[in-house]
Structure formats: structure tokens, C-alpha cells
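1. I'll drop the sequence and a predicted model, then ask my questions.
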Amino acid sequence: MNTTVDYIIVGLGLAGIAFAEELKKQGRSFLVFENHSQTSSLVAGGMYNPVILKRFTPVWNAKEQLDIAIPFYLSLEKELSASFDEPLPIYRTFKSIEEQNNWFVACDQPILREFMHPELVKVESKGVNAPYQAGKLRHTGRIRVKELVSMYREDLRKNDYLVEETFRHDRVITWDSHIDYGDIMAQKIVFCEGNGVKSNPFFKKLPLNGTKGELLTIHAPELKLDYVIKSAVFIMPLGNDFYKVGATFNWSDKTNDPTMAGKKELEEKLMTVINCPYKITDHEAGVRPTTGDRKPLLGVHAKNHRLAILNGLGTRGVMIAPLMAKKLYQFLENGEPLDTEIDIKRFKQKI
Ligand SMILES: Cc1cc2nc3c(=O)[nH]c(=O)nc-3n(C[C@H](O)[C@H](O)[C@H](O)COP(=O)(O)OP(=O)(O)OC[C@H]3O[C@@H](n4cnc5c(N)ncnc54)[C@H](O)[C@@H]3O)c2cc1C
């Protein structure tokens, strides 16, 4: 049976969901292909945080990202009758007096004032080593991404918007007026493949390097935290004394498999942060779609304007995906130019 849609979306991680939502809002029809080859969105800690905690600098476009992201997840909660957004403070523990001073200096910057409390806070949990106390962040939290992806997938399935197979790039035929893919006719294809873009002949030369990350889930009844601790690792409360602990950064291994080396690294770091017993209950891994310049990859193919990409969400897909989906839609449908720092045209020789 022939199907005609405005868009084909390839990939149902955070990028694919954000673009599908934008299409729904704009009354456009679409089909999503998903082959379960990547796990980045499924394993993500889901944290949103407008400050880079290594250097105490703002995340690029943090305010604009948050202003779009939070209403986006709240609207998905309504649509799917579920709860995904859990506002949670983040406590950044300090290693020295010097780090405390750096925090105060950062708090004085107008752009950071909104996100950082200017007083030091004591970490009340006896299970955490924090001799130099901590700095507390505002407007932070966690999106339950795994639940969101699986509920969204189920909803698409129910409505026949989902094709659960590998998208075959060699089956794309482009005409002046449309694209054919088997018996599907579409106006455009948006590739949201995460690190899977490496198998996409149209965009595989773009500098998306992929950074593998591993996470543990632990059960630690004595830890008693109702906020996130960011120290050598982050420790995020999940409820009922369970916590996510992460994450590693590995630039050479591109598999989704948890490793003994990843587990060892996380446990060694965890032991420097907490001093109470815990049990590991889960261990997951995925490859983040990271880029050399830490900016997303948006735009259309140089020789085929019907093929578009939404990728490169890096380590912060939760905050950035909804805004990027909006920008890509406005570019594709209304010709609004993309900012040069996110447009794939910055890598002219690669497309
Ligand atoms: C360990 C870890 C922790 C993280 N923690 C956080 C965090 O706390 N906060 C945060 O904001 N971000 C976090 N991230 C980053 C975040 O997960 C990513 O930014 C985001 O998931 C990227 O989403 P995406 O949709 O671009 O890619 P993906 O989630 O990889 O989705 C791509 C989808 O495309 C599908 N696909 C690929 N090729 C094909 C094909 N040919 N046919 C059909 N389907 C295809 C894949 O199966 C996949 O479902 C973390 C990542 C990792 C790995």
C-alpha cells in the first residue's frame, strides 16, 4: 500500500522525538524508522543543568534552551499522561578553598547569577565525603528519558507512525517534487540517527566522533540523598534508595556494551565520593553523538535539499533537542537561516 507523508524521520532518540513533536504541532504528517541500534537516549542520566561544572561557565544558549525544553517535556507529560520532569537540585562539591573561590567569582557574572546560589551549602548526608562543602545550582533536574522514549514509541506504534526496521539509505530515490522510499512518498527526510550516522552515506563524513559513556545503578540505603551530587562522578537519586552513578568518557570504543574497565573506573571514583555500602543493580552503556566543536549538526545536504540532519546533541541532548528541532523546522519550512555555529555548512568540504 502506498503511503504519502510530509516527512520521514530516521531514529527515535531525543532528536527524533523532538522533531516529531514539532511536526505534530505544525500539523505535518510523518513516519519514523527505528532499528534499536543506538542506546544513547535510553541510558542517558537525563540531567539538565545550565552550567558546565568543570569550569563554572554557562552552557551555550542555556537560557534559550531551558525556556523551550521545560514546556516541551511538560507538554509531553500531558500528551502521554505520564510524569517525565523531576526538578532536582545539583550540589557541586568542592575539592579545595580555591574551588570555592572560583564558584563565588562565577556567581558574580550576570549570566550565571540566575543559575548558581551564591552561598556554600553543607552536604547533609553522612555517606558523602564533602569536607569543602558544595555549591548549589538552580533550574536543574532530571528527565526520565527511558520512560519517555518507550512511551513515545508505543504511542507511535499504536497510531501506525512507526516502522521498526533499519532505514536503507540506498533505497532513497529523489525526484524534483518528492522522495520515494519503497512505497513511501515523502517531501523530506530528517536523519536523527545519533552515532548511527556513521552508516549514512549522505552525512557520514561530518565530524561526529561519538563518545561512549557507561553508568551504574546502585542501591545504597544509607546514602539518603534527595539531590544530585556532582563530584568525581555524579550520583543521581532515582527513589527507593536507588541512584544512577556516571559517567565514563571513552573516545575509542564505539559499542553499546558495558565493560569491566568502565565499571572499575566508576567504582574507583565512587569510592572517593561516598563512604557507605552499596550494591550495583545495573550497568548500561551508550555512545553520545559528540562533535569536535561541541555544537549540534543541523542543515541539509549540499546537493539534495530534501535530505536533512538533526544530530550532534552531544552530552546534553535533554536540554538542547527541543530548541534544535524548532530551529531545523523553521529553516526547512520557512527558510529561516540557521545560526552559522550549528549549520553543517561550517563543514562545507564534508557534505
Ligand atoms: C552514559 C550517558 C549518559 C548521558 N547522560 C545525559 C544526561 O544526563 N543529560 C543529557 O542531556 N544527555 C545525556 N547524555 C547524552 C544524550 O543521551 C544524547 O545527547 C542524546 O541521547 C542524543 O539523542 P539522539 O536522538 O541524537 O541519538 P540517539 O539516542 O542515539 O538516537 C538515535 C536513534 O536512531 C536510531 N537509528 C540509527 N540509525 C538508524 C537506521 N539506519 N535506521 C533506523 N534507526 C536508526 C537508533 O537506534 C537510535 O534510537 C548521556 C549519554 C550517555 C551515553
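-> Good, I have the coordinates.
2. quick check, Leu66 in a helix?
-> Yes: with DSSP: H, G, I helix; E, B strand; the rest coil as the criterion, Leu66 is assigned to a helix.
3. touching, Arg316 and Ala62? I think so.
-> No: in this structure Arg316 lies outside contact range of Ala62 using Cβ atoms under 8 Å: 9.5 Å. Backbone N, C-alpha and C define where each C-beta goes, glycine included.
4. host element of Lys45?
-> Careful, residue 45 is Gly and not Lys. If you go by DSSP states H and E, Gly45 is not part of any helix or strand.
5. how far away is it from Leu323?
-> Relative to Leu323, Gly45 is positioned 20 Å away (Cβ to Cβ, to the nearest Å).
6. can you list the domain ranges for the protein.
-> As given by automatic domain parsing, the domain ranges for the chain are 3-44+146-206+293-350, 89-139+211-288.
7. how about these in CSV, adding distance to Arg55?
-> Formatted as CSV, these follow (distance: least, Cβ to Cβ, whole Å):
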stretch, distance to Arg55
domain 3-44+146-206+293-350, 13
domain 89-139+211-288, 9
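8. where do the helices sit along this structure?
-> Using DSSP state H, the helices of the chain run over residues 14-25, 40-43, 62-80, 97-107, 110-113, 145-158, 260-273, 317-334.
9. so which residue of the stretch 151-300 of the chain comes closest to the ligand?
-> Distances between the stretch 151-300 of the chain and the ligand by Cβ to the nearest ligand atom are smallest at Gly194, namely 2.3 Å.
10. contact residues of the stretch 201-350 of the chain facing the ligand?
-> Residues of the stretch 201-350 of the chain lying close to the ligand by Cβ under 6 Å from any ligand atom are 213, 215, 246-247, 286, 288-289, 311, 313-319.
11. one more pass at 5 Å, please.
-> 213, 215, 247, 286, 288-289, 313, 316-318 (Cβ under 5 Å from any ligand atom).
12. and the stretch 1-150 of the chain, by the same measure?
-> 11, 13-15, 33-35, 37-38, 40-41, 44-45, 47.
13. and the two most separated of the residues you listed?
-> Phe33 and Met47 (28.3 Å; Cβ to Cβ).
14. count of residues packed around the closest residue in space to Ile344 that isn't next to it in sequence?
-> Take Ile344 and drop its neighbours on the chain: the residue closest to it by Cβ to Cβ, 6 or more residues apart in numbering is Gly299, 3.9 Å away. Each residue near Gly299 was counted by other Cβ atoms under 10 Å, and the total is 24.
15. surely Gly299 is in contact with Leu332?
-> No: with contacts counted by Cβ under 8 Å, Gly299 stays clear of Leu332, the gap being 9.5 Å.
16. intersection of neighbour lists for these two?
-> Residues touching both Gly299 and Leu332 (Cβ atoms under 8 Å, 6 or more residues apart in numbering) are Ala308.
17. check Asn2 and give its pLDDT.
-> Per-residue confidence (pLDDT) for Asn2: 81.
18. contact partners for it?
-> If you count contacts by Cβ under 8 Å, 6+ apart, Asn2 has them with 183-185.
19. cool, Ala44 as well?
-> Applying Cβ under 8 Å, 6+ apart, we find Ala44 in contact with 14, 145-146, 286, 317-318.
20. of those, just say which sits nearest to Met271.
-> Gly286 (24.1 Å).
21. can you give me the mean pLDDT across stretch 54-71?
-> For stretch 54-71, mean pLDDT is 94.
22. what residue ranges in the stretch 1-150 of the chain score low on pLDDT?
-> Scanning the stretch 1-150 of the chain for pLDDT under 70 picks out 1.
23. who does the residue nearest to Ile344 form a beta bridge with?
-> Beta bridges link Gly299 to Ile309, judged by DSSP bridges.
24. that one and Ala134, how far apart?
-> Relative to Ala134, Gly299 is positioned 41 Å away (Cβ to Cβ).
25. number of residues surrounding Thr3?
-> Using other Cβ under 10 Å, Thr3 has 15 neighbouring residues.
26. name the nearest residue to it, sequence neighbours excluded.
-> Spatial nearest neighbour of Thr3, excluding adjacent residues (Cβ to Cβ, 6+ apart): Ile184 at 4.9 Å.
27. wait, that neighbour touches Tyr7, no?
-> No: under the criterion of Cβ under 8 Å, Ile184 makes no contact with Tyr7, lying 10.6 Å away.
28. any residues in contact with both of the two?
-> When contacts are counted by Cβ under 8 Å, 6+ apart, Ile184 and Tyr7 have Leu31 as shared neighbours.
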